[in-house]
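**Q** sequence unknown, structure follows:
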């Protein structure tokens, strides 16, 4: 049985949420963790956690929300984090890919949320794009654990995160033809990764270019099994165990 530790389940992307959940179950995905990363997304994810036994969530404000997040939003976040099926804070972090002149504001929002996670003893889900050094510098200020979402960096960066106590979220990118991520995963070890889809984005081969779904998680498992020379069942068992331990799931 598989766990998708990071997906975006929303009526904005899918016509029939019941059907998505049913498809997941048929594909042996027995738990999904929905990422609520803006106020609307958090509110919608909260609804699904109450509708479906399979659904859990993380909540936090993505760096792209930096100009829209108020103190009232952060107070709301604290309340949502106390919900029974909210298992972590995220996705939060830094993104300098398109905009970097608001770097200081991004770091301030990031660290406010890391402080909340530390005070509530919750794992974090980290978004870092073109901002590795600043991300690491901020994380080192707080006693938190978590997942580096959609990791696709070098082995050296991976080892830095792992040495800090983080696990790497591995998704569809590992299946892409020119990706070097398989080599990193082989070196870093199965004990340091969890599975994710980031659906509806980043569909794995052979579905690349199509709308992604948690039901495609098995393609990621197949690729990880291939590059690590482990069996499909071993990858499934270990990544599920890693996810359960990280998010304190039964």
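**A** Nice, thanks for sending it over. It should be emphasised that the depicted structure is a prediction, and the values quoted were computed from it without experimental measurement. Residues are numbered from 1 along each chain as shown.
**Q** Packing partners of the helix or strand residue 57 falls within?
**A** Applying DSSP states H and E as the criterion places residue 57 in strand 55-59. Judged by 3 or more Cβ pairs under 8 Å, 6 or more residues apart in numbering; DSSP states H and E, strand 55-59 is in contact with strand 29-36, helix 39-51, strand 86-95. Heads up, the C-betas are built off the backbone N, CA and C, glycines and all.
**Q** quick one: strands adjacent to it?
**A** strand 29-36 (parallel), strand 86-95 (parallel) (DSSP bridges).
**Q** okay, those in a markdown table with mean neighbour count, distance to residue 223 and mean pLDDT next?
**A** Output for the strands paired with strand 55-59, formatted as a markdown table (neighbours: other Cβ atoms under 10 Å; distance: least, Cβ to Cβ, whole Å; pLDDT from 0 to 100):
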| stretch | mean neighbour count | distance to residue 223 | mean pLDDT |
| --- | --- | --- | --- |
| strand 29-36 | 25 | 16 | 98 |
| strand 86-95 | 26 | 23 | 98 |
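**Q** any chance of the ones you listed in TSV, with distance to residue 121 too?
**A** What follows is those, written out as TSV (distance: least, Cβ to Cβ, whole Å):
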stretch	distance to residue 121
strand 29-36	18
strand 86-95	11
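**Q** Looking at the ones you listed, which is nearest to residue 206?
**A** Among the strands paired with strand 55-59, strand 29-36 comes nearest to residue 206, with 18.0 Å by Cβ to Cβ.
**Q** Surely residue 132 touches residue 157?
**A** Yes: here residue 132 lies in contact with residue 157, judged by Cβ atoms under 8 Å, at a distance of 5.8 Å.
**Q** which helix of the protein spans the most residues?
**A** helix 103-120 (DSSP state H).
**Q** Any idea how far the one helix or strand residue 133 maps to is from the middle of the chain?
**A** In the assignment (DSSP H and E), residue 133 maps to helix 132-139. Relative to its parent chain, helix 132-139 has a centroid offset of 17 Å by Cα atoms, centre = their mean, to the nearest Å.
**Q** which residues sit in contact with residue 131?
**A** Contact partners of residue 131, counting by Cβ atoms under 8 Å, 6 or more residues apart in numbering, are 93-96.
**Q** what's the answer for residue 173, then?
**A** Counting by Cβ under 8 Å, 6+ apart, residue 173 touches 150, 152, 179, 181, 202.
**Q** repeat for residue 12
**A** Counting by Cβ under 8 Å, 6+ apart, residue 12 has no contacts.
**Q** Let's see that with 10 Å instead.
**A** Counting by Cβ atoms under 10 Å, 6 or more residues apart in numbering, residue 12 makes contact with 40-41, 44, 200.
**Q** Residue 222 - how many residues pack around it?
**A** Neighbour count for residue 222, taken as other Cβ atoms under 10 Å: 14.
**Q** next one: the one 4 residues further on
**A** Burial measure for residue 226: 15 neighbouring residues, criterion other Cβ under 10 Å.
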